[in-house]
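>>> My questions concern the predicted model and sequence given below.
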Amino acid sequence: MPTIHVEMFEGRTHEQKKNLVKALTQAVVDTLGSKPEGVDVILQEVKRSDWATGGELWSEKQ
């Protein structure tokens, strides 16, 4: 049972998340031959103030 963890900035719509989950599930089915009901996708939304790249918080980027 593949499990996919996705961390992303908060603010996506329900429809965007729904489409992402469907696309990721289908990619696993096509690539690994898994059954859709055996694929788990966990979405974790993170505030820009809690994510940094290159020593800089995303909330402070221009």
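Alright, I've got the coordinates. Just so it is clear, the model here is predicted, and its values are computed rather than measured.

>>> Leu57 - how many residues pack around it?
For Leu57, the count of nearby residues is 13 (other Cβ atoms under 10 Å). C-beta here means a position set from N, CA and C on the backbone, and glycine is covered the same way.

>>> And the one 3 residues further on, by the same measure?
Summarising burial for Glu60: neighbours were counted as other Cβ under 10 Å, giving 9.

>>> In the protein, where is pLDDT below threshold?
Regions of the chain meeting the criterion pLDDT under 70 are absent.

>>> Tell me which residue lies nearest the centroid of it.
For the chain, the residue sitting closest to the mean C-alpha position, by Cα atoms, centre = their mean, is Val6 at 2.8 Å.

>>> can you give me the strands in this structure?
Secondary structure of the chain (DSSP state E): strands at 3-9, 40-46, 52-53, 56-57.

>>> thought Ala52 was touching Trp58?
Yes - if you go by Cβ atoms under 8 Å, Ala52 and Trp58 touch, sitting 6.7 Å apart.

>>> Spatially nearest residue to the residue nearest to the centre of the chain, not counting backbone neighbours?
Using Cβ to Cβ, 6 or more residues apart in numbering and skipping residues adjacent in sequence, the residue nearest Val6 is Leu43, 5.2 Å away.

>>> if I look at the one you found, how far off is Glu60?
Separation of Leu43 from Glu60 (Cβ to Cβ, to the nearest Å): 25 Å.

>>> now do Gly38
With the distance defined as Cβ to Cβ, Gly38 ends up 41 Å from Glu60.

>>> what do you get for Ile4?
29 Å.

>>> same deal with Trp51?
Separation of Trp51 from Glu60 (Cβ to Cβ): 11 Å.

>>> same check, this time on Asp50
Asp50 is 12 Å from Glu60, by Cβ to Cβ.

>>> Show me where this structure has its helices.
For the chain, helices defined by DSSP state H occupy the ranges 14-32.
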